[in-house]
Structure formats: C-alpha cells, structure tokens
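*Asks:* Sequence and computational prediction follow.
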Amino acid sequence: MSDLIKEYFPELSKKQLILLEDYKKLLLDWNSKVNLISRKDQNHIDEHHLLHSLSISKFYQFLPNSKVIDIGTGGGLPGIPLAILFPETEFILIDSRKNKINALKDIIKRLNLPNVIAINERVESIIFQYHLAIGRAVSDLKVIINWINKNVKPLPGEPFLIYLKGIDAFDELKNIPYKYTIRPINEFVKLTYYQDKYIIMLYK
C-alpha cells in the first residue's frame with residue numbers, strides 16, 4: 001500500500017492495509033475485462049479512488065450493525081474501502097449493470113469480506129430498508145433523494161445520505177428541503193486533486 005494512504009490513515013491496521021492493496025490489484029485485474037473505473041485513473045487508484053472513499057471517515061464514523069447502501073457502486077467505490085475500514089457495518093453495493101456486479105461478487109469473495117454484498121438492481125427498485133445511502137458521481141442530489149426516500153430509515157440523529165460531490169454541490173443544495181452539512185475534502189487531504197471536492201451529509 002502506498003505511503004499516501006499510510007500518511008493520511010495511520011490508524012489502519014496491517015490487515016486493513018493488505019486488504020486495500022489486494023482490492024486495488026483485483027480492481028485493476030477486473031478493469032481489463034469490465035469497465036469498473038476510468039482507464040486514465042488506473043495509475044492513480046490510491047489518490048483518486050481509495051483516498052477519496054476513505055476520506056468520508058474523517059467526517060463521519062459508520063455505526064456498528066447499521067445497514068448502508070452504496071448507490072451506483074461501479075468498482076465498489078466508496079463501499080469496499082469503507083467496509084474494510086468499518087468491518088462491523090453492513091455495506092450493500094448496488095449497481096444496475098450486471099457485469100460490474102459479477103466482478104464485485106468475485107472481488108468480495110476473494111477479499112473474504114463478510115460485511116459486504118453486491119446486488120444487481122436499480123436503486124429505485126430496492127424493496128428492503130436501510131439506514132444510510134452513500135455514493136459518488138451517479139446523479140444530482142434531487143434525483144438520488146427521490147430514489148432512496150421511500151426505503152431509507154436513518155438512525156436517530158444520523159444522516160440518511162452521504163455523497164461525494166464537486167463544486168456543483170452548492171447549486172444542487174439550493175433546491176434540497178433537508179438539513180445538511182458540506183465539508184471540503186481538502187480540509188483534510190492536502191492534494192490539488194481535492195480542490196473543489198466535497199462531502200455532503202443530508203439529514204431528515
């Protein structure tokens with residue numbers, strides 16, 4: 001695992017670092033067959049994907065025994081890195097593209113992550129309840145809220161949606177009838193890539 005991850009997350013155990021490294025290798029292997037992440041990002045997985053996903057934990061601690069869905073998970077981001085960091089939280093990876101879910105099922109099995117499952121479904125078609133939704137780069141906030149509002153049941157005082165967004169977040173939040181917090185990721189990650197990247201938490 002790169003020094004970049006160790007620098008920003010010194011609390012990670014040796015086991016967690018190994019899991020993240022194994023995940024990265026599996027992600028690259030599968031990406032040669034299924035488009036899980038952009039090809040141009042393949043040499044920047046730590047900086048552009050792992051660090052981005054894990055940065056959520058600097059602003060929110062996932063609760064044990066809570067059920068979290070990862071909307072439009074693609075290559076398992078941010079769900080799998082967070083599942084490695086929070087092994088007592090249940091993460092459900094959702095994507096409508098079957099080939100991506102098949103790849104993720106193999107990755108999850110090889111990593112032996114008992115707190116993660118992958119489901120081939122559209123998020124708006126899900127019928128089970130969950131406590132929290134997370135995601136990045138899927139759609140605008142208003143659309144996502146419409147998708148999840150029926151089934152998301154947040155725990156008292158906890159957010160119902162945590163989303164990674166760019167500068168467009170501010171315009172989208174003007175039309176959202178919910179309380180929210182928005183934090184710049186470069187408050188924590190001092191890299192040029194994270195300028196104008198934000199973490200949004202919405203509350204009912």
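*Replies:* Arrived safely. Please read all numbers here as calculations on a predicted model, not as lab measurements.

*Asks:* Check the gap between the residue nearest in space to the middle of the chain and Ile127 for me.
*Replies:* By Cα atoms, centre = their mean, the chain has its centre lying nearest to Pro78, at 2.1 Å. The gap separating Pro78 from Ile127 is 24 Å, by Cβ to Cβ, to the nearest Å. For the C-beta atoms, the positions are set from N, CA and C on the backbone; glycine is no exception.

*Asks:* Need the pLDDT of the residue nearest to the centre of the chain.
*Replies:* pLDDT recorded at Pro78 is 98.

*Asks:* Wait, it touches Tyr60, no?
*Replies:* No: under the criterion of Cβ atoms under 8 Å, Pro78 is not in contact with Tyr60, lying 11.4 Å apart.

*Asks:* Quick one: list the elements packing against the longest helix seen in the chain.
*Replies:* What stands out as the longest helix in the chain, according to DSSP state H, is helix 14-31. With contacts taken as 3 or more Cβ pairs under 8 Å, 6 or more residues apart in numbering; DSSP states H and E, helix 14-31 sits against helix 3-8, helix 45, helix 79-85, helix 98-111.

*Asks:* tell me the most buried of those helices?
*Replies:* Counting by mean count of other Cβ atoms under 10 Å, helix 79-85 has the highest mean neighbour count of these, with a mean of 26.

*Asks:* tell me what the helix or strand following it is packed against?
*Replies:* Sequence order places strand 90-95 as the next helix or strand after helix 79-85, per DSSP states H and E. Judged by 3+ Cβ pairs under 8 Å, 6+ apart, strand 90-95 is in contact with strand 67-71, helix 79-85, helix 98-111, strand 116-120.

*Asks:* Out of those, which gets nearest to Tyr8?
*Replies:* When the helices and strands packed on strand 90-95 are compared by Cβ to Cβ, helix 79-85 sits nearest Tyr8, at 12.1 Å.

*Asks:* For the closest one, output the C-alpha coordinates as CSV.
*Replies:* What follows is helix 79-85, C-alpha atoms only, in CSV (Å, rounded to 0.1, in the frame of the first residue of the first chain):
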residue,chain,number,x,y,z
GLY,A,79,-18.3,1.0,-0.4
ILE,A,80,-15.4,-1.6,-0.3
PRO,A,81,-12.7,0.7,1.1
LEU,A,82,-15.2,1.8,3.8
ALA,A,83,-16.2,-1.8,4.5
ILE,A,84,-12.5,-2.6,5.1
LEU,A,85,-12.3,0.3,7.5
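
*Asks:* All set, thanks.
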